[in-house]
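Enquirer: Whatever this is, show me its structure:
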Amino acid sequence: MMEENGAEISTVEMHTGGEPLRIICSGYPEIKGDTILAKRRYVREHLDHIRKLAMFEPRGHYNMYGAVIVQPHSEMADLGVIFMHNEGYSTMCGHAVIALGRYAVDSGLLSTDVSRSSVGEVPVFIECPCGVVKALVDIEEGKSGRVRFISVPAFAFGIDLEVTTERFGKVKVDIGFGGAFYAIVPEDRLGVDVRSSPVNEVIDAANVISNAVKSQIRLHHPDSEDLAFLYGTIVTDGRDMYHGDSQESTANVCVFADSQVDRCPTGSGVTARIAVQYARQQIGLHQIRVFEQGLVGSKFTGQAVKETKCGDFDAVHVEVAGNAYYTGKCSFTVEKDDPFKEGFLLK
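Expert: Prediction:
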């Protein structure tokens, strides 16, 4: 065991739009499983103490986010990934895909030789628990930059679904899948402002919706029941209609997992929002929109690029683009007698 032999966990630290990503490069035990979803189940059942060690205090914090690079199972993928956060393991993470795309190019994980490339895009195929996602990494004068990714099939699970809450009464929500399921609700139905309300007010309102959806609506996904759970609630400014202005932004705040607040616009959340907007005929193919994290101000762009199907659902592939940046490297040790070797969280 790690805590017995003094092994270290080595990480590369990045952020995308302000949202952290701790990439665990070494020190993780063997992860068993024939698929990425099976590997996700394995770490949840057998290695969850490592997640707590790496995500929780004193080495992490309540809103830390992480990724472990694993061997892919799809022949078309360059790498596989398991995502982790304060509650467990997500099925998709757009901000992590953007960061991992850049990291894969810079660290030499790819067989493609990009060192001689002065301009252009390098494709990186990342096998996530929800499926294979294609990232395209801009290269200019040998340096990686902006990253865009093409989502797995995204769809509107339900439009104007009504849930009953004690605090807000009956509330209509949309539910979209963008690699993970989100409830999507405009701010005016909850009495908050995603650009100016205190963050705790947004968290409390979003949690009311998440709890109501989880208790009142049964989700399902055509590919796997492992995907059929609500990841969080996205509170929006309600500006969903595309008016032909590619610079016009729409703001949101995503609260996911255990009241964790995404500092960026949320890549899989943007994907889910566009899928719902497309189903509502509020946006067409190849119409680029700017999505902003209302409280932080970071921005992604997103567009629906192709119609498809996911089981019986009408779906779209969505392109999301953003920038990731390096913040450092870490090497964490675990002493045998440390009473907090598996970490803790304070809310």
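Enquirer: just the helices in the stretch 51-200 of the chain please.
Expert: In the stretch 51-200 of the chain, the segments counted as helices under DSSP state H, counting those that start in this stretch are 94-107, 199-216.
Enquirer: Please tabulate these in TSV, including the columns distance to A279 and mean pLDDT.
Expert: (Glycine included, C-beta is placed from N, CA and C.) What follows is those, written out as TSV (distance: least, Cβ to Cβ, whole Å; pLDDT from 0 to 100):
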stretch	distance to A279	mean pLDDT
helix 94-107	19	96
helix 199-216	18	98
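Enquirer: Select, out of those helices, the one closest to A38.
Expert: Of all the helices of the stretch 51-200 of the chain, helix 94-107 sits nearest to A38, with 19.7 Å by Cβ to Cβ.
Enquirer: Now the closest one: buried residues?
Expert: Burial within helix 94-107, assessed by neighbour count using 16 or more other Cβ atoms under 10 Å, is assigned to G94, H95, A96, V97, I98, A99, L100, G101, R102, Y103, A104, V105.
Enquirer: Per-residue pLDDT of G145, please?
Expert: What the model reports as pLDDT for G145 is 85.
Enquirer: Number of residues surrounding the closest residue to it other than its chain neighbours?
Expert: Leaving aside its sequence neighbours, G145 sits nearest to D138 (Cβ to Cβ, 6 or more residues apart in numbering; 4.3 Å). Neighbours of D138 under the rule other Cβ atoms under 10 Å: 19.
Enquirer: What of F332?
Expert: 18.
Enquirer: One more: Q281?
Expert: 9.
Enquirer: again with M84
Expert: There are 27 residues near M84, going by other Cβ under 10 Å.
Enquirer: And the helices of the stretch 51-200 of the chain: which comes nearest I283?
Expert: That would be helix 94-107 among the helices of the stretch 51-200 of the chain, by Cβ to Cβ, at 17.6 Å.
Enquirer: Report the central residue of the protein.
Expert: C93 (2.2 Å; Cα atoms, centre = their mean).
Enquirer: Check the gap between that residue and S151 for me.
Expert: Separation of C93 from S151 (Cβ to Cβ, to the nearest Å): 12 Å.
Enquirer: what touches both of the two?
Expert: Applying Cβ atoms under 8 Å, 6 or more residues apart in numbering, one finds that C93 and S151 are jointly contacted by G179, S268.
Enquirer: out of everything not next to it in sequence, what's closest to A180?
Expert: Per Cβ to Cβ, 6+ apart, closest to A180 is Y231, 3.9 Å.
Enquirer: so that neighbour sits in a helix?
Expert: No - Y231 sits outside any helix when classified using DSSP: H, G, I helix; E, B strand; the rest coil, being strand.
Enquirer: Quick one: residues contacting it.
Expert: S90, T91, A180, F181, Y182, F256, A257, S268.
Enquirer: just A54 next, same as before
Expert: Contacts of A54 (Cβ under 8 Å, 6+ apart): I9, T11, R22, I24, G60, M64, G66, M84, F332.
Enquirer: I am finished for the moment; much appreciated.
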